[in-house]
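Colleague: fold the following, please.
(4 chains)
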Protein chains: 4
Amino acid sequence: MIVVMRVGASQEEIDTVVERIESIGYQPHLSPGAERVVIGVVGTGQDRPADPEDFRSMRGVDSVVPIGAPYKLASRNFSAEDSVFTVRDTPIGGPGIALMAGPCSVEDREGTLEIAGELAGMGVTILRGGAFKPRTSPYSFQGLGEEALKILAEARDATGMAIITEVMGSDEVEMVSDYVDILQLGTRNMQNYRLLEAVGRQPKPVLLKRGMSATIEELLLAAEYILSQGNAQVLLCERGIRTYETATRSTFDVNAVPVLKGLSHLPVIVDPSHATGRADLIAPISRAAIAAGADGLIIEVHSSPEDAVSDGAQSLRPAAFAELLDGVERIAQAVDRTLIRTPTTAP
Amino acid sequence: MIVVMRVGASQEEIDTVVERIESIGYQPHLSPGAERVVIGVVGTGQDRPADPEDFRSMRGVDSVVPIGAPYKLASRNFSAEDSVFTVRDTPIGGPGIALMAGPCSVEDREGTLEIAGELAGMGVTILRGGAFKPRTSPYSFQGLGEEALKILAEARDATGMAIITEVMGSDEVEMVSDYVDILQLGTRNMQNYRLLEAVGRQPKPVLLKRGMSATIEELLLAAEYILSQGNAQVLLCERGIRTYETATRSTFDVNAVPVLKGLSHLPVIVDPSHATGRADLIAPISRAAIAAGADGLIIEVHSSPEDAVSDGAQSLRPAAFAELLDGVERIAQAVDRTLIRTPTTAP
Amino acid sequence: MIVVMRVGASQEEIDTVVERIESIGYQPHLSPGAERVVIGVVGTGQDRPADPEDFRSMRGVDSVVPIGAPYKLASRNFSAEDSVFTVRDTPIGGPGIALMAGPCSVEDREGTLEIAGELAGMGVTILRGGAFKPRTSPYSFQGLGEEALKILAEARDATGMAIITEVMGSDEVEMVSDYVDILQLGTRNMQNYRLLEAVGRQPKPVLLKRGMSATIEELLLAAEYILSQGNAQVLLCERGIRTYETATRSTFDVNAVPVLKGLSHLPVIVDPSHATGRADLIAPISRAAIAAGADGLIIEVHSSPEDAVSDGAQSLRPAAFAELLDGVERIAQAVDRTLIRTPTTAP
Amino acid sequence: MIVVMRVGASQEEIDTVVERIESIGYQPHLSPGAERVVIGVVGTGQDRPADPEDFRSMRGVDSVVPIGAPYKLASRNFSAEDSVFTVRDTPIGGPGIALMAGPCSVEDREGTLEIAGELAGMGVTILRGGAFKPRTSPYSFQGLGEEALKILAEARDATGMAIITEVMGSDEVEMVSDYVDILQLGTRNMQNYRLLEAVGRQPKPVLLKRGMSATIEELLLAAEYILSQGNAQVLLCERGIRTYETATRSTFDVNAVPVLKGLSHLPVIVDPSHATGRADLIAPISRAAIAAGADGLIIEVHSSPEDAVSDGAQSLRPAAFAELLDGVERIAQAVDRTLIRTPTTAP
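Modeller: Numbers count the residues shown, from 1 in each chain, chains lettered A, B, ... in the order given. Here you go, the predicted model:
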C-alpha cells in the first residue's frame, strides 16, 4: 500500500501517518518527492492486508494506492495449483469441462423428469433448476420452493445427475443444502453478506455468480467471505455484466475468464444464457467461453421454451443444446480439454 | 404491452400469440404492417400487469415492448398526492426537508452520544449510525451489532432524535425494528428479496437505497416488494450509481430525483456522502439535490473523520456540516421549502 | 509517478527501470518492500509530465501509478484564480452566470429571428443554434450549413446577443470562426484531435463538450490540446454521460461540476437539455447545476418544439424557459451569484 | 415504428399525430387501448426509415418505439450473403480468417522492416502500423506521419503484405489512401462524421472501430455513413467497450461478434490488444473471438515491447504471437475455418 500525501502536507501530518503505519505493525518507507511525500507501507506476517480505509481520511493524505490483492484465500498466491472439487464423480476445475444444464425454473414434476432424462441421455452430469426464483417484480412467478427441491432430488435418483439450485435466504440454506449437491448464489445476492456467511458454514460447494455490476476484485472478495467461514469449495461464475449496450441482456465479460484464472485457483464457470439473454447467441458464446479457458458451463435448457414461466427467451431446446455440445466439444479439444460426459453417451 | 412479430412470422405463430393473450384475460389488437405484424395487448381490470416474459420466447416473436409501469403501489397513478410519513414529529415527504446525519458506524458509546448531542444542537432530528456494516472485504470492521443499537437508543433518549440504522439480514429485522425508528436497506441489498419481504412485514418506515447499478424502474420494483407486503412507508434513496468515472466513488444521478418524483408518490432522500465519496463534494452535491427536488438528505458526520473505522474519507466534521446546513437552507428557501429543524436551534 | 515491480522481479529488471527513469531526467527512489520493490519517479523542471506508458511494458513491472495530473495548462496549479473570458460584454467564469439558449438547429430565418428576439427580451446574452449537426444516422437532417451561420449573424445584429454554434470539421473552423463568437465542439468530437488542434489555432473561445463516456481527466486533456495550441479560452461543458440507465437520455454527472472547479481554472458550463433529454427535467437540473457551482447554462429553446427538426423532445418553449430562469435566478442568489442578463430586461 | 400516446391524450393530439404520419407517406394504424391509444406507423417504399425524432416532441406523445433497424445498406436485409472484400489476395469476410499484425506505431525504418519480415515469415498477410496516433495527451508521441507511410509502403514492397493504418483527419484521407491498402478509423473517431464521409468517398476498404461507448446500432449507423457515400467496403471492428471494470483496459464485448454477424453482412474483425490492454490476455481472447465467429484479428506485435513508444503493455513479442497463431489455428479448424496465411509458411 502506498500513501500519497498532498502537495504541501505539513511535517506533523506526515508524522501522524507514519505513527499510524507503525501502530498497525507495518513499516513506513518515505519517498520525499519534489512536490510531495509518498509513503510506502511495508510489512508481512500480519494476518490480514492493511486497510486503505484506515488512511484515506487522515489530514494531509491525497490518496491511498493499494498494492496487491485484498483477498488471501481466493488468491493464486494461496494455491498455485488449480482447485478441483468433485461433485458426484464430476471433477470441477480440472482438465475436464463441467456441464450444468436444465430449466430456469422447476415448473412441474413430469417436465423436470423429462428434461433431466434428455440431458442425462446427452451425458450431462449436473442438472440445474430453480426452486426459489429472485424476480425483479414481486408479481412474477417466484418458484415452487421446497416442492421443487423434492422434484430435483427425484430427478437425481432417476438419472444419477448431481443437482444445483439457487438459495436466496440464509434461513433456507440448511434445507437447500440437505437436498442439493451444489448451492448457487445469484447475481443479486453476490454481496448479501449474511447469505455468503451462511453458505460458508455448510459443506456443499457453492457456485457464486458475479454481481451484475461487480468488479472482478469484488467477486473474489465475495468468494473470500465464503472461504473465510471454512467452506473451501467455491465456483466463480461469470454471467455477464451491466453496461450501456441494449442489444443483449448483459455484456458477457469474456476477459474475466483468463483474468480470474490468473488471480485465483478457483474454478471458473460461465453462464452464457444470462450473459446474452438470447437463445441464438448461446452456442457461439459457449464456444468463446471455453476457448478463453472456462472450466464449465451452466446453460438453460427447456423442452418448450415458449411455455417456460421464466427466461424462455434465453432457453435452448434439447436439440439445439445437443448441437451446441458438439460445437463446444470441438473447441474443448482445440484447447486440449474435453467435456465431462457420462460414458454411455459419448457422441 | 406490444408484441412485435418477426418479419415472415407464420399465421399459426400469430394465432398462438393471440390465443395466449386471450387466455390471460387481455384483448389482442392486431396491426398488420407492411413488413410484419404488431399485436397490442389491451385490457384492464386485471390484478397485475401482463408479463412480457410470457411472450418473449414464443415462436415468431421478435420482441415485446412494455407500455406503462410494471409497478402499481409505488406509482404516481396509485397516489397523485405525495406520501408523507411522520417519524417522531418529522414529516418526511412534505414541504419540509428531512435531515439525517451521524457517523458511518457506531464505534463507541461516548463518541456516539457526543456527535448526537452536537447534531441535535444544530436542530437535526434524525440520527444515523451503522450497527451492522456491509463491507466488501470480510476483513474490514463489521459493526458492533446489537450493542450499537443500544447506544443509538440511548442517544435517542438523550436528544429526542429519531434513529435510523441499516439492517442486513432477515433474521435481524425484528430486533432492529424494535430498537430504531427507520430501517435502512443498503445498496448491496436492494434486490435481496428475503430482506425486502421481511422489512415489508414490520411496521417501521424503510429507507431503501438504490442498488449501485439498479435502474430507476428496478428501484421502484424493489419498493413494490416492500409495499406489497403491507408496509406503505418506503423512502427511496438515491446514493449514486456505478459508472466508468473514477474521479468520484459513485456518480450521483441527480436526474433520478425529479424522475422519481414524477413516477412515484414516495419521498426521495439523497445520500451525498456515498454519491461522491469525498468530503469536499458533499456540500455542493447536497445543494444540488435539494435544488432538484429531494425531500431529505442523509449525511455522514464524524467528530474526527481521521479516526473513523469506516468511510472516514467521506465524513464531514461537525463544523463543516453546520456550514453545509446554512448553504442548504438557502437553497431550500429558493425552492420554497425549509429544513426541518427543532425550534430551539434555528440559526 | 510510482512504478510497482512484480513480486520476484529480478535485480536486472529493477536496474533497467532505474536507468530509464534517469534517462528521462527524473530521479528514482526505491522502496524495497517485503514482497516487492516500489520505485518512485521524482523530479521537477521537466517541461512535461513523465509518461506512464514508458514504463508499463518493461519487464518486471506490475503496474504504474500516476501521481498528479497529466495536464498542465488546464490545471488549477497553472492558475489559482478562475479564468474569466468576456464574450461581447458577457464575462464567462466570473461571479455572474452565463446564459446560452436557442434552438437545437437553425431551421429558417424567420423562426430564428423570432426566437432570438424572445430570448433577448428575457435578457439572455448568448444565442445558440446548430448550423452543422452531427447526427447518428446519415439520413437525419444535417443542418443548413453556412446559410445558418448567416442567419445567426443576422440575429446577432438584430439583438446584440453573442452567438455560439458547433463546428464539426477542421476544414470548417476558419469559416465558422469568422461568423460566430464562440465555437462549440460536440460530445462525439471531444477526442477528434485534428479538430481540437484547429480550434486551438483560431482566436475565438471554444465550448468543449465532454465526450459521452469521457472521464473528467480525459476532458481536461482534450482541453489541454486546445490550450497547448495557444488558445487559452476554453469553456468546459458537462452534458451528461452514458450509463446503463434508460429513463433519461444521459446521466447528468453533477459531481463533475465541483470536481472540475477544483481541478481546473476554466469555466464550467452545463447543458441540461442533453444531460436529461426530457423537457420536463430541464428546470430542476438547471437549478441543480447552479447549486453545485456551474458558471453557465446552455439550453435548447424552440418556439414550437413539436415542429423542431431535431431534439424537439428536449426543447423548452419560451414560456417554460422564462419560468426556468426565475427559478434559476433564485438558486443563483442562494449561492451569492446572479444570472447575467441585459439590464433592460431584469425581472 | 409505434407511437405511444399518453394516458389521457386528447382527440386533437391524436389527430395531429395521425396527420403527420400521413404527411410523410406512411399509414397510421390506431390501437385504442383501455388506458391509452397506440399508433402503428406502417408503410414501405419510402427511401429512408421514418424518424422517431419527428414524433417524440409532439403534444400528447408518451414515447416512440422504433421497430426494425435504422440503417439499410449495412443491414443483413440488404444482403443475405456475407460480403467479402479482397485486399491483395486476402479475402476478408469469407471462410478464411484474416490476420493483421504489427507494431502500434511505426517508430523507425529498420524496426518496421524487421517486424514485417518476421510476420511475413509466419504467413501473416496484412501489416498494421500507426503513422498518425490519436493520443489522449497532447504530450504523448503523435506518430511519424507521412514518413511512416513511406516506411509501411517499403515494408509492403519487401514482403508482399497489404498494409493498414489509421487516418485521423479528413485532410489526410487522400494521402493515406494513396499509400495504404486499408484505412483504419479509430475508436475516438467513430462518430467523426466528416471523416466518415471522407473515407466513404475514396476507394480503399475501411476498418471502422467501434467507439469506446458506442452501441452496436451506432456502429452500424457509422458504417452506414461510409456506405451511403459509395464505399461498400467496410470492416466492422470490435475493440472493447468502456465499463466500470478496471482489471482490464476495456471490456471485450464478445457478444457483439455474433450479434453483428446476425444484423449485418459486413465482415467483423476483433482487436484483442485494445480489448484487453494486457499482453497476457491476447491469446485467450483471440481464441474466444474466433470461436464466437469473428472473421479476422488485428493484433499489436512488437520486437521489444519494453521499448515501444506506445501501447507496449499490450504488445506481443513475435515468439508469443507465433504461439498465439498456433492456438488460434486450432480454434479456427474447430469452427470449420482456417487462418489465411501465405503458403510458404504453413505450420
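
Colleague: strands of the stretch 51-200 of chain A, start to end?
Modeller: Using DSSP state E, counting those that start in this stretch, the strands assigned to the stretch 51-200 of chain A run over residues A:61-65, A:85-87, A:90-92, A:96-102, A:126-128, A:162-166, A:182-185.

Colleague: nearest approach to residue A:196 belongs to which of those strands?
Modeller: strand A:182-185 (7.2 Å; Cβ to Cβ). (Each C-beta comes from the backbone N, C-alpha and C, glycine too.)

Colleague: C-alpha coordinates for that closest one, CSV please?
Modeller: Backbone C-alpha positions of strand A:182-185 (Å, rounded to 0.1, in the frame of the first residue of the first chain) are rendered in CSV as follows:
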residue,chain,number,x,y,z
ILE,A,182,-24.2,-27.5,-5.3
LEU,A,183,-25.8,-24.3,-3.9
GLN,A,184,-26.0,-21.4,-6.3
LEU,A,185,-25.8,-17.7,-5.2
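
Colleague: now for that strand, which elements pack on it?
Modeller: Helices and strands touching strand A:182-185, by 3 or more Cβ pairs under 8 Å, 6 or more residues apart in numbering or on different chains; DSSP states H and E, are strand A:162-166, helix A:173-179, helix A:193-200, strand A:206-209.

Colleague: can you name the residue of the stretch 51-200 of chain A nearest chain D?
Modeller: residue A:69 (11.1 Å; Cβ to the nearest Cβ).

Colleague: wait, doesn't that residue sit right on residue A:217?
Modeller: Yes: Residue A:69 lies in contact with residue A:217 (Cβ atoms under 8 Å); the separation is 7.5 Å.

Colleague: burial measure for the spatially closest residue to residue A:27 that is not a sequence neighbour, as a count.
Modeller: Computed as Cβ to Cβ, 6 or more residues apart in numbering or on different chains, the closest residue to residue A:27 that is not its neighbour in sequence is residue A:42, at 4.6 Å. Per other Cβ atoms under 10 Å in any protein chain shown, the neighbour tally for residue A:42 reads 21.

Colleague: so residue A:42 versus chain D, what's the distance?
Modeller: 24 Å (Cβ to the nearest Cβ, to the nearest Å).

Colleague: phi, psi of that residue?
Modeller: Main-chain dihedrals, residue A:42, degrees, to the nearest 10: phi -110, psi 140.

Colleague: picking that back up, tell me which of the helices and strands packed on strand A:182-185 sits most buried.
Modeller: strand A:206-209 (a mean of 26; mean count of other Cβ atoms under 10 Å in any protein chain shown).

Colleague: list the contacts of the closest residue to chain B within the stretch 1-150 of chain A.
Modeller: In the stretch 1-150 of chain A, no residue comes nearer to chain B than residue A:57, which is 2.7 Å away by Cβ to the nearest Cβ. Residues near residue A:57 by Cβ atoms under 8 Å, 6 or more residues apart in numbering or on different chains: B:279, B:305-306, B:308, B:311-315.

Colleague: quick revisit: and the residue of the stretch 51-200 of chain A closest to chain D, what is it in contact with?
Modeller: A:49, A:75, A:77, A:217, A:220, A:263.

Colleague: make CSV from those and add distance to residue C:334 to it.
Modeller: Output for these, formatted as CSV (distance: Cβ to Cβ, whole Å):
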residue, distance to residue C:334
A:49, 45
A:75, 51
A:77, 54
A:217, 41
A:220, 46
A:263, 50
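
Colleague: scan the residues you listed and report the most crowded one.
Modeller: residue A:220 (25 neighbours).

Colleague: name the helix or strand for that one, please.
Modeller: helix A:216-227 (DSSP states H and E).

Colleague: what packs against that helix?
Modeller: Here helix A:216-227 touches helix A:193-200, strand A:206-209, strand A:234-238, helix A:256-263, going by 3+ Cβ pairs under 8 Å, 6+ apart.

Colleague: and the residue nearest to residue A:35 when sequence neighbours are not counted, how far from residue C:190?
Modeller: Nearest non-adjacent residue to residue A:35, counting by Cβ to Cβ, 6+ apart: residue A:7, 5.2 Å away. To residue C:190, residue A:7 is 28 Å away according to Cβ to Cβ, to the nearest Å.

Colleague: compare these two (neighbour count), which wins?
Modeller: Taking other Cβ under 10 Å, residue A:7 and residue C:190 do not tie; residue C:190 has more neighbours (26 against 13).

Colleague: which residues touch the residue nearest to that one when sequence neighbours are not counted?
Modeller: In space, residue C:190 comes closest to residue C:211 once its chain neighbours are excluded; the distance is 3.7 Å by Cβ to Cβ, 6+ apart. For residue C:211, the contacting residues are C:187-188, C:190-191, C:218-219, C:222, by Cβ under 8 Å, 6+ apart.

Colleague: run through the residues of the stretch 201-347 of chain A sitting next to chain C.
Modeller: Within the stretch 201-347 of chain A, the positions near chain C by Cβ under 8 Å from any Cβ of the partner chain are A:213, A:242-244, A:246.

Colleague: make a ChimeraX selection of the buried ones in those.
Modeller: Of these, the buried ones go into a single ChimeraX selection, burial set by 16 or more other Cβ atoms under 10 Å in any protein chain shown:
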select /A:213,242,243,244
